[in-house]
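Engineer: Give the three-dimensional model of this entry:
(one chain, ligands or ions: 1)
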Amino acid sequence: MTDTFLPPDRLPAWQALRTHRERLAAARVADLFDADPGRFDTLSLSACGLLADFSRQRIDRSALDALIELAHQARLPEGVDALFRGERLNHTEGRAALHMALRGGCPPPAADAAQLQDTATRMRTLARELRAGALKGASGRPIRRVVNLGIGGSDLGPRMVAEALAGPAAKHPVTVHFAANIDPQELDEVLSGADPAETLFIVASKSFTTAETLANAEAARAWLRAALGADADIGAHFAAVTNAVAAAVDFGIAEQRLLPMPDWVGGRYSVWSAIGLPLLIALGEDGFDALLAGARAMDEHFRSAPLAANLPVLMGLLGLWNTDFLDQETLAVLPYAHGLRSFPAWLQQLEMESNGKRTLRDGSSTAVMTSPVVWGGAGTVGQHAFHQLFYQGTRAIPVDFIVVAGGEDARRQALANNALAQAAALTHGRSLDEAVAALRERGADDAEIRRLAPHLAIPGNQASTTVLLPRLDAYSLGALMALYEHKVFVQGWIWGINSFDQYGVELGKEMARRLSDATSSARRDGATIGLQRAIAALRRGDPYP
Ligand SMILES: O=P(O)(O)OC[C@H]1O[C@H](O)[C@H](O)[C@@H](O)[C@@H]1O
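Structural biologist: Just a heads-up that it's a prediction; the model follows:
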C-alpha cells in the first residue's frame, strides 16, 4: 500500500459534503419520504441474511453518492485489501488485524497456521469432553460449571453471544458463567451455590497482565484450595486463553490446558479465537461454527461488494455523515431482543475503544469528530425509560434499531412492531396541529388545548437505521457482529486513525497500578489525596476528615 495519507477534511469530497450538509441540515426525512415514495427500496440493502434500512437517515441519493466518493478518495478499497492481506495496519504496535482469519474470512499468516490449527483442535476437544461429562476435576467428578474470568474483549463478546444463544441453563450438561469485575461481588455471585469439585475456570487474558482477571483467578484458586485441600490437583480446574503463554504457565496453568491466541487478534475482535471457548462449550461446535460462518459471509461481502452496495461501507459512511456533518454526538443502539441486551456493551468497546481517538496516521491531530458516544439498551424496556429524550429532548440522536423478524409468538411480533413504531414515530413526530386535533378529539376545551398542545408536540426527524435479522441464531448474530466490526474499520480508515490500539486505556491501567502500590512515589493530585484520606477514614469508621 502506498502511503500518501491525507486527512479526510482535505479531500475534495469532504468539501462537497459540506455543501450537501447546507442543503440537508434542515431537511425533514418525512418530506423526503413524501417526495420519494420509493425511498425504502433505494436506501435499503440486504446481505448475508440481514437487511439494513437506511431510508430514515437524513440523506438523499446525491449526498450518499458524495459519501461514496469520499470513500473512494480516502482509498477505502485499498485499505480493505490491506486489512485482509494482513498488512500491519495497527502501525503503532506493528501488528496486523487479522481476526477474519479466525473465521475463514482470509488466510492466517503462514507462520501461524499450524499453531492455529492445533489450538482449534484442542479447544474443540476440551469443549467436546466437557459437554460429554468426560472432563473430570481433581476429585474425579465431572465438571458441570465453567466460569470465564476475563474482562473487556476477553469477556464482552463471549458473554453477549452466550446470553443471546445459549438458552436456559437447565438444558445444558455444563453451564457457562462470566466474571469480569474486580469487585468480589460478581465472582461471589457466580460461585454462590457452585460445587468446587465440579467447577472449571477459564482464565481469559490476551496479555495475562490484566489486574482484574489475575485477581479473580487468584480468588478462584483460593476458593478451590479451601474446598478441595492444598494437595488437590487444582490444575485440573483451570484452562487459560492467552497470547502470553509463559505468564500463564507461571501462574500454574498446565501446558495441555493452554490455548494460545495470536498477537494479531485485538481484544475487542477476539471472540472468534479461543476466547470463544465458553461459546463452544455453551453452543456446541455446530453453534460456534454457524457464528463463524455468519461472520465469514459478512467478510466476503465486505471484501467483494462494490462500495455503493456494501453494507458495512454504507453503515460506516452514514455514521460518519451523522457525526461529522450533522453534528450528532451519540449513537443509540437498541436491540429489540432480550437476548441481545448486552449487545450495546459489546459494541461500546468495539466502537469507542477502536475509534475513540484523535491522532492521525501521520501523527497530526484530527480536525474532525471521530467515534460517537455509543450507548443503548434492549427494547422495549428503554421505551419506558429514556426514549422520552429522543422525542422531546434537545439533542439529535441517531438510533440503530436491531429487529428480529422470526417467531410466531404474539409477544415476539409485538416486540418487532414496537421497534418499527418507534422508528416511524421518531421520523414523523407529532406536529402542533396534530397535537391540537388529538386534544380536540379527547374533548378538550380551547383553554386546555392552548395550555397542553405545545407539550404534546414532538419534532420528530430523529435519524435511524433498522437492521433486520431473520431470527436470533448463531449465523445471523455472527453476520451482525462482523457488520459492525467492518463498519468500525470503514470509519477509522476514513478518519485516518488506528482502530487497533488503545493507549488511552493503558494510561488508566497504569494509574490504577500506581495507586494500588503503597510504595509508589507517583505524584497524586489534590483530589486523589483528599479522596484517599476520606476512604481511609470511612474504613476506620471515622467521619470524613
Ligand atoms: O485480554 P486482556 O489482555 O486481559 O485484556 C482485556 C482488555 O483489557 C484492556 O484494558 C484493553 O483495553 C482491552 O482491549 C482488552 O480487551
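Engineer: ok, now which ones touch the closest residue to the ligand within the stretch 1-150 of the chain?
Structural biologist: Proximity of the stretch 1-150 of the chain to the ligand (CB to the nearest ligand atom) peaks at G150, 6.1 Å away. (C-beta placed from N, C-alpha, C; glycine too.) Contacts for G150 (CB atoms under 8 Å, 6 or more residues apart in numbering) come out as 158, 178, 180, 202-205, 210, 213, 241, 275.
Engineer: Pretty sure A197 sits against P142.
Structural biologist: No. A197 lies out of contact with P142 (CB atoms under 8 Å); the separation is 9.4 Å.
Engineer: Buried residues in stretch 25-35, which are they?
Structural biologist: For stretch 25-35, the neighbour count (16 or more other CB atoms under 10 Å) marks 28-30, 32-33 as buried.
Engineer: what about A16, distance to Y503?
Structural biologist: 34 Å (CB to CB, to the nearest Å).
Engineer: L320 - that's part of a strand, no?
Structural biologist: No. Assessed with DSSP: H, G, I helix; E, B strand; the rest coil, L320 is helix; it does not lie in a strand.
Engineer: what's it in contact with, if anything?
Structural biologist: Counting by CB under 8 Å, 6+ apart, L320 has contacts 67, 70, 491, 494-495.
Engineer: what number of residues lie near R58?
Structural biologist: By the criterion of other CB atoms under 10 Å, R58 has 25 neighbours.
Engineer: Checking my notes, it in a helix, right?
Structural biologist: No. Remark: R58 does not belong to a helix; assigned using three-state DSSP, it is coil.
Engineer: quick one, what contacts it?
Structural biologist: Contact partners of R58, counting by CB under 8 Å, 6+ apart, are 24, 27, 29, 32, 326, 461, 463.
Engineer: 6 Å - rerun?
Structural biologist: 24, 27, 29, 463 (CB atoms under 6 Å, 6 or more residues apart in numbering).
Engineer: Likewise for T209?
Structural biologist: Here T209 is in contact with no residue (CB under 6 Å, 6+ apart).
Engineer: Let's see that with 10 Å instead.
Structural biologist: 242, 244, 247, 509, 513 (CB atoms under 10 Å, 6 or more residues apart in numbering).
Engineer: near the ligand, which of the residues you listed show up?
Structural biologist: Applying CB under 6 Å from any ligand atom to these, one finds that K509 fall near the ligand.
Engineer: what's the most distant pair in the contacts of L320?
Structural biologist: L67 and W495 (13.5 Å; CB to CB).
Engineer: Report all helices and strands that the helix or strand bottoming out on mean pLDDT in the chain contacts.
Structural biologist: Ranking every helix and strand in the chain by mean pLDDT, DSSP states H and E puts helix 503-516 at the bottom, with a mean of 84. On a contact count with 3 or more CB pairs under 10 Å, 6 or more residues apart in numbering; DSSP states H and E, helix 503-516 meets helix 211-228, helix 526-540.
Engineer: quick one: contacts for the residue in the stretch 301-450 of the chain positioned nearest to the ligand?
Structural biologist: Nearest to the ligand in the stretch 301-450 of the chain, going by CB to the nearest ligand atom, is E353, at a distance of 5.7 Å. Taking CB under 10 Å, 6+ apart, we find E353 in contact with 152-153, 266-268, 371, 488, 499-502, 504-505.
Engineer: before we move on, the earlier item: cross the contacts of G150 against helices and list the overlap.
Structural biologist: Those of these mapping onto helices are 158, 213, per DSSP state H.
Engineer: Make a PyMOL selection of whichever of the contacts of G150 turn out to be buried.
Structural biologist: Command for PyMOL that selects the buried part of the contacts of G150, burial taken from 16+ other CB under 10 Å:
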select buried, resi 158+178+180+202+203+204+205+210+213+241+275
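Engineer: same for the ligand: which of the contacts of G150 are within range?
Structural biologist: For the ligand, the contacts drawn from the contacts of G150 by CB under 6 Å from any ligand atom are 205, 210, 213.
Engineer: The last one touches V203, doesn't it?
Structural biologist: Put plainly, it is T213. Yes. T213 is within contact range of V203, at 6.5 Å (criterion: CB atoms under 10 Å).
Engineer: shared neighbours, these two?
Structural biologist: Joint contacts of T213 and V203 (CB under 10 Å, 6+ apart) are 148-150, 154, 240, 242.
Engineer: any residues touching stretch 128-136, and which ones?
Structural biologist: Here stretch 128-136 has contacts from 125-127, 141-144, 146, 172-174, 176, 197-198, 200, 236, 239, 277, 280-285, using CB under 10 Å, 6+ apart.
Engineer: centroid residue for the chain?
Structural biologist: In the chain, the residue lying closest to the centroid (CA atoms, centre = their mean) is L347, at 1.8 Å.
Engineer: how about that residue, what does it touch?
Structural biologist: Going by CB under 10 Å, 6+ apart, L347 touches 156, 160, 268, 331, 333, 335, 374-376, 400, 402, 481, 484-485, 487-488.
Engineer: do R303 as well
Structural biologist: 77, 80-81, 83-84, 100, 105-106, 310, 486.
Engineer: Can you lay out those as CSV showing distance to the ligand?
Structural biologist: Converted to CSV, the contacts of R303 look like this (distance: CB to the nearest ligand atom, whole Å):
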residue, distance to the ligand
P77, 28
V80, 23
D81, 25
L83, 18
F84, 22
M100, 18
G105, 21
C106, 22
N310, 27
H486, 18
